[in-house]
Structures are given as C-alpha cells and as structure tokens.
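Participant: predicted coordinates and the sequence they were generated for:
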Amino acid sequence: MRQVQEEQELVPKSFERLQVWRKAMDLTCRIYGIVEKLPRSEEFHLKSQLLRSTSSISANLAEGNGQFFKKKEYTHYNVALGSANESINWIILARRRGYITEEEFETLETEYREIIRMIIAMMRKLRQETA
C-alpha cells in the first residue's frame, strides 16, 4: 500500500490545470500588449521590469506545481506572490507617468489582486497539508 501511495505522489501534476496559472498567463499576454505602447525610453526600465515581474508569476506557479516536495512548491508560490506585488508597483508607476489610464490601471490592479488572493489560498492549503 505504501509503495502505491509513493508512486502516486511521484506522478507529475499539470500546472496548466491551475486556474490561477491560466489567469496569470492571460495577464502576462495582456501586459505584452501594454508594454508595446510604452515609450522607447522605458525599454530597459519599466517595460523590462513589468514584463519580468508579470511573467514570473505564471513561471513560478508552474515551477512550484511541478515540485515533488511541498516546501519547494510553497517557496515558488511565495516567489510568484512577490512578483505579483512587484507588478502592481510597476503599474502604479505606469499610471503615475501617464502611460496607462486610470481605467486600465484599475482593471490590471484588480486582476493582480485576484491572482494574489488565489496564490495565498494555495499557500494556506499547502501549509495545512504539511502541518
């Protein structure tokens, strides 16, 4: 019985099934469209930082979901959480600089905050499973 349980634990999970990963990937694709409109002077600062932080969310969710050890999974989810918060920082800057409208900002912020809530829920569940 124990061997069957251990083998089941070693079956890779599919991060594509995670609703939060899909939302993060959709948001990343939207951010690509937004940064294309930013001024050329922001090429190596705001554009780069916003793309990196936003794409890091889905990448870390995928990497964490693929871990066999719960602590490593939790660590990657924590990095994704930090990246989501960093991304909010960058869209605040984009709004303050007048690169995105207030409406665009509010929509993006709402999406980032929803992803943050979902990541926190996943982290709480993992913490309960390892307690």
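Facilitator: It's in. Numbers count the residues shown, from 1 in each chain.
Participant: show the contacting residues for residue 94.
Facilitator: Counting by CB atoms under 8 Å, 6 or more residues apart in numbering, residue 94 touches 34, 38, 46, 50, 100, 105. Using the backbone N, CA and C atoms, a C-beta is placed for each residue, glycine as well.
Participant: report pLDDT for the residue most central in space within the chain.
Facilitator: What sits nearest the mean C-alpha location of the chain, by CA atoms, centre = their mean, is residue 57, with 2.1 Å. On the pLDDT scale, residue 57 is placed at 98.
Participant: that one reaches residue 84, doesn't it?
Facilitator: Yes: shown here, residue 57 and residue 84 form a contact pair, counting by CB atoms under 8 Å, at 5.2 Å.
Participant: what's the overlap in contacts for those two?
Facilitator: With CB under 8 Å, 6+ apart as the test, residue 57 and residue 84 both reach 24, 115.
Participant: what mean pLDDT does the lengthiest helix in the chain get?
Facilitator: Ranked by number of residues, the top helix in the chain under DSSP state H is helix 102-130. On average, the pLDDT along helix 102-130 is 96.
Participant: which residue is the nearest non-sequential neighbour of residue 31?
Facilitator: residue 54 (4.6 Å; CB to CB, 6 or more residues apart in numbering).
Participant: how far off helix 102-130 does the strand or helix carrying that neighbour point, in degrees?
Facilitator: Taking DSSP states H and E as the criterion, residue 54 maps to helix 48-65. Per axes from the mean of the first three to the mean of the last three CA atoms, to 10 degrees, the angle that helix 48-65 makes with helix 102-130 is 30 degrees.
Participant: list the buried residues of helix 48-65.
Facilitator: Neighbour-count burial for helix 48-65, counted by 16 or more other CB atoms under 10 Å, picks out 49-51, 53-65.
Participant: same deal with stretch 18-27?
Facilitator: Those would be 18, 20-21, 23-25, 27, for stretch 18-27 by 16+ other CB under 10 Å.
Participant: got it, and stretch 106-113?
Facilitator: 108, 111-112.
Participant: between the residues you listed, which is closest to residue 78?
Facilitator: residue 112 (15.9 Å; CB to CB).
Participant: now tell me which helix or strand of this protein has the poorest mean pLDDT.
Facilitator: helix 2-9 (a mean of 48; mean pLDDT, DSSP states H and E).
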